[in-house]
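**Student:** next one to model:
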Amino acid sequence: MALPQTQPEFDIDAYMAWEETQPERHEYLGGEVFAMSGGTDAHYTILGNAYAALRSALAGKPCRAFVSGMKLRIERADAVFYPDVFVTCDARDRQPEASLAKQHPCLIIEVLSDSTAAFDRGRKFELYQQIDTLQEYLLIEQDRRHADLFRKNSEGLWVLHPAGEGDVVRLASVGAELALDGLYEDVEL
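**Tutor:** Just a heads-up that it's a prediction; the model follows:
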């Protein structure tokens with residue numbers, strides 16, 4: 001009987017060095033690495049629409065939007081993820097040492113798929129909440145026109161603001177509005 005293969009365990013700095021040499025992307029959590037799979041046409045179209053709308057809305061502001069190829073390092077959670085889209089307005093994320101991974105986002109967006117929805121809504125959200133600068137977390141479904149925006153209120157509680165067809169998602173963290181219908185442009189549901 002063959003033994004299951006184990007993945008190598010890294011500390012976060014070793015992972016960061018190793019990841020830069022890999023042809024595929026891997027996320028990191030507590031010493032373990034996890035290969036990332038590709039997405040569907042709908043996933044990448046929604047992701048692209050969200051990024052394009054944010055990029056336009058952020059023109060002239062000190063904020064920058066990033067897509068799924070940029071790492072987000074969560075020091076307190078011993079984790080590194082590749083969010084679908086995120087925005088940082090923090091000057092620390094513009095420093096040379098932040099060229100490979102950002103740490104201070106105010107907004108994170110994940111496009112949900114059947115294989116990631118439970119993790120994105122549960123454990124990953126729990127880990128993201130350890131980021132002091134994070135103010136909003138937007139989850140966009142890819143099989144129906146629906147999004148859930150979680151916004152941190154003045155008491156530190158995360159409040160749900162759902163959006164459906166025809167609604168506008170108001171992102172207070174970056175002073176932008178995203179028409180939900182625009183996020184689904186060119187998506188076949």
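**Student:** elements contacting whichever helix or strand Glu110 is part of?
**Tutor:** Assigned by DSSP states H and E, Glu110 belongs to strand 105-112. Strand 105-112 sits against helix 41-57, strand 85-88, helix 117-121, strand 136-141, with contacts defined as 3 or more C-beta pairs under 8 Å, 6 or more residues apart in numbering; DSSP states H and E. Where C-beta positions appear, they are placed from N, C-alpha and C, glycine not excepted.
**Student:** can you pull out the helices in this structure?
**Tutor:** 12-19, 41-57, 117-121, 123-128, 180-183 (DSSP state H).
**Student:** tell me the mean pLDDT over the third one?
**Tutor:** Averaged across helix 117-121, the pLDDT comes to 93.
**Student:** thinking again about what came up before, any chance of the helices of the chain in JSON lines, with distance to Ala98 and mean neighbour count too?
**Tutor:** Output for those, formatted as JSON lines (distance: least, C-beta to C-beta, whole Å; neighbours: other C-beta atoms under 10 Å):
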{"stretch": "helix 12-19", "distance to Ala98": "12", "mean neighbour count": "15"}
{"stretch": "helix 41-57", "distance to Ala98": "19", "mean neighbour count": "19"}
{"stretch": "helix 117-121", "distance to Ala98": "24", "mean neighbour count": "15"}
{"stretch": "helix 123-128", "distance to Ala98": "18", "mean neighbour count": "17"}
{"stretch": "helix 180-183", "distance to Ala98": "28", "mean neighbour count": "17"}
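**Student:** any chance of the helices and strands packed on strand 105-112 in a markdown table with distance to Ala17 as columns?
**Tutor:** Formatted as a markdown table, these follow (distance: least, C-beta to C-beta, whole Å):
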| stretch | distance to Ala17 |
| --- | --- |
| helix 41-57 | 27 |
| strand 85-88 | 23 |
| helix 117-121 | 26 |
| strand 136-141 | 29 |
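**Student:** tell me which residue is most central in this protein.
**Tutor:** Most central in the chain under C-alpha atoms, centre = their mean is Pro83, positioned 2.5 Å from the mean C-alpha point.
**Student:** ok, it touching Val111?
**Tutor:** No: contact criterion C-beta atoms under 8 Å: Pro83 and Val111 do not qualify, at 9.8 Å.
**Student:** quick one on the thing from earlier: which one of the helices and strands packed on strand 105-112 lies closest to Asp13?
**Tutor:** strand 85-88 (21.0 Å; C-beta to C-beta).
**Student:** helices and strands around the closest one, which ones?
**Tutor:** Strand 85-88 packs on helix 41-57, strand 64-67, strand 105-112, going by 3+ C-beta pairs under 8 Å, 6+ apart.
**Student:** angle of the last one against strand 136-141?
**Tutor:** The reference is to strand 105-112. Using axes from the mean of the first three to the mean of the last three C-alpha atoms, to 10 degrees, the direction of strand 105-112 lies 10 degrees away from that of strand 136-141.
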